[in-house]
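**Student:** need a structure here:
(one chain, ligands or ions: 1)
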Amino acid sequence: MNVILMGPPGSGKGTQAANLAEKLGVSAVSSGDLFRDHQRRNTELGQLARSYMEKGVYVPDDVTIGMIMEWINDPDHSAGFVLDGFPRTQAQAQALDDALTERGGIDHVVLINVSDDELVRRLGGRIICSECQIPYNLNTSPPAVDGRCEECGGSLYQRDDDKAEVVARRIEVYNEETQPILDYYRRAGILSDVDGEQPVESVGDALRVAVSA
Ligand code: AMP
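**Tutor:** Residues are numbered from 1 along each chain as shown. Sure, this is the predicted structure:
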């Protein structure tokens with residue numbers, strides 16, 4: 001089962017991708033998390049990605065496609081996947097189609113819809129775990145102990161690109177560069193919409209219905 005979760009930054013893709021993948025018995029991957037992991041390890045790719053991410057713009061396609069293809073082609077991920085944050089451009093969508101022609105193609109694309117005002121509110125309060133990447137929200141779901149992850153005890157921090165000036169740019173880039181591939185998947189008849197402003201559990205239920213899990 002190959003599923004893509006789409007939606008603007010702050011729509012809840014990360015939280016939902018992990019839950020959905022567990023239900024489906026496949027792996028979840030977030031391109032943003034892979035980039036952040038490279039940054040933590042200070043690899044060449046991480047340094048390159050940082051220069052784009054801190055501005056709120058996309059990392060070039062060749063770099064992003066190479067990184068995700070390596071993950072997809074790993075034998076540990078052969079049962080399928082839930083992709084979070086990839087593809088985001090036409091070239092990435094094309095590369096994914098090409099890579100999956102002999103592996104059953106994409107089964108479902110689900111778009112999590114959230115209004116711009118709500119995205120700005122959510123991203124402004126978001127803090128994430130530096131170890132396991134779990135997100136918390138200072139307004140809606142704060143951690144039990146200030147600054148500490150409830151799952152692994154890691155320290156919580158605000159991503160540089162969740163600061164107000166970068167958030168606006170990220171939403172703009174999403175609208176310009178990623179909206180067109182939604183039309184591409186809609187025309188292919190594999191895209192369904194989910195209301196992302198419901199409670200987290202209801203979004204999860206709607207996603208499972210959308211992929212018939
Ligand atoms: P995310 O964690 O999904 O919000 O991604 C954080 C940042 O990583 C984005 O603003 C981009 O700079 C970069 N990024 C993540 N995924 C992609 C992608 N598929 N294509 C290009 N850049 C990406």
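
**Student:** buried residues in the helix or strand that contains Gln92?
**Tutor:** According to DSSP states H and E, Gln92 maps onto helix 90-100. Across helix 90-100, burial judged by 16 or more other C-beta atoms under 10 Å covers 92-93, 95-96. The C-beta positions use only the backbone N, C-alpha and C, and glycine is treated the same way.

**Student:** within reach of the ligand, which of the residues you listed are there?
**Tutor:** When contact is defined as C-beta under 6 Å from any ligand atom, the buried residues of helix 90-100 meet the ligand at Gln92.

**Student:** need the phi and psi values for whatever residue of the chain ends up closest to the ligand.
**Tutor:** Nearest residue of the chain to the ligand (C-beta to the nearest ligand atom) works out as Gly32 at 2.0 Å. Note on Gly32: backbone dihedrals following degrees, to the nearest 10 are phi -60, psi -40.

**Student:** dump the residue contacts of it.
**Tutor:** Contacts here follow C-beta atoms under 8 Å, 6 or more residues apart in numbering; on that basis Gly32 touches 14, 53, 84-85.

**Student:** now Val114
**Tutor:** 7-8, 10-12, 122, 196-197.

**Student:** who wins for neighbours among those?
**Tutor:** Gly10 (27 neighbours; other C-beta atoms under 10 Å).

**Student:** from Ala21, how far off is that residue?
**Tutor:** According to C-beta to C-beta, to the nearest Å, Gly10 stands 20 Å off from Ala21.

**Student:** picking that back up, possible to save the contacts of Val114 as TSV with secondary structure and distance to the ligand?
**Tutor:** Converted to TSV, the contacts of Val114 look like this (DSSP: H, G, I helix; E, B strand; the rest coil; distance: C-beta to the nearest ligand atom, whole Å):
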residue	secondary structure	distance to the ligand
Gly7	coil	10
Pro8	coil	9
Gly10	coil	8
Ser11	coil	10
Gly12	coil	11
Arg122	helix	12
Gly196	coil	14
Glu197	coil	18
